[in-house]
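Participant: From the sequence below, what's the structure:
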Amino acid sequence: MTATLPEQVFQVMLRMRVATGAQEAFDAALADVAQVAADNRHNLQQWIMRSADDPSEVLVFSDWDSEEAFRSHEATHEHRAAVSALRRHRAEGSMTTSRVVHQVAKANPPARPVRVMVWYYAGDTDEATIRAAHRQIETSVCGTPGLVKAELHRSLSAPDEYLVISEWSDVAAFREWEVTAVHRVQTAPLRPYLDRRRSQPYGFYEILSVDE
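Facilitator: Alright, predicted model coming up:
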């Protein structure tokens, strides 16, 4: 099933690394940040995920009904205070904003999916070419056991950067597909655009909590 999201939906991704020995304090501070966002009527939903490969790496996805709403929230005292407390327990952090360009979804997704993120750098290549390459992959992977949906994102702050987020029923389903020969064939259309500027242009994350 293909789903088209409202154009005004604005997604924020936070990528953080927990400071050594600060896991418990970090989790508590992050929960406070998420709760402050959840209390804002313009926040649509949130996901907090921990990397399956590196437990110190955490991703937070937050959907808002508009960029203006998020920027207003970002400036509030409550948000600033909660984020300030969180920063004391993290080693590093970055934020990326985007809008969904294309989404392929199934009905009744699993409650605790695993998400795989792959970053791409298009350079001088236009959006139409990237979207066409993603559609090729989308068509070939349709029906793959365990695949729930796949989304192509374009960065709002760096328009030549793209992110593909695929959702899987569990880690085992993704790993089983990843080791097959057909995996490399199916993902070939976008492989030339892998963001080699990153030390690792992909990541595997399990969802820790969902706020809807």
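Participant: contacting residues around the strand or helix carrying residue 137?
Facilitator: Secondary structure assigned from DSSP states H and E places residue 137 in helix 127-141. With C-beta atoms under 8 Å, 6 or more residues apart in numbering as the test, helix 127-141 has contacts from 101-102, 104, 120, 122, 147, 150, 152, 154, 159, 162, 164, 185-187, 189-190, 193. (Glycine included, C-beta is placed from N, CA and C.)
Participant: where do the helices sit along this structure?
Facilitator: 23-38, 67-74, 77-87, 127-141, 171-178, 181-186 (DSSP state H).
Participant: quick one, longest strand in the protein?
Facilitator: When the chain is parsed with DSSP state E, its longest strand is strand 90-104.
Participant: Kindly format the C-alpha coordinates of that one as CSV.
Facilitator: Output of strand 90-104 as CSV, limited to C-alpha atoms (Å, rounded to 0.1, in the frame of the first residue of the first chain):
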residue,chain,number,x,y,z
ARG,A,90,25.5,12.9,26.1
ALA,A,91,28.8,12.8,24.4
GLU,A,92,27.6,14.2,21.1
GLY,A,93,24.5,15.1,19.3
SER,A,94,23.1,16.4,16.0
MET,A,95,19.7,17.3,14.5
THR,A,96,18.3,16.9,11.0
THR,A,97,15.0,18.1,9.7
SER,A,98,13.1,16.7,6.8
ARG,A,99,9.7,16.0,5.1
VAL,A,100,8.7,12.6,3.8
VAL,A,101,9.0,12.6,0.0
HIS,A,102,7.5,9.1,-0.5
GLN,A,103,6.2,6.4,1.8
VAL,A,104,5.2,2.7,1.2
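Participant: All set, thanks.
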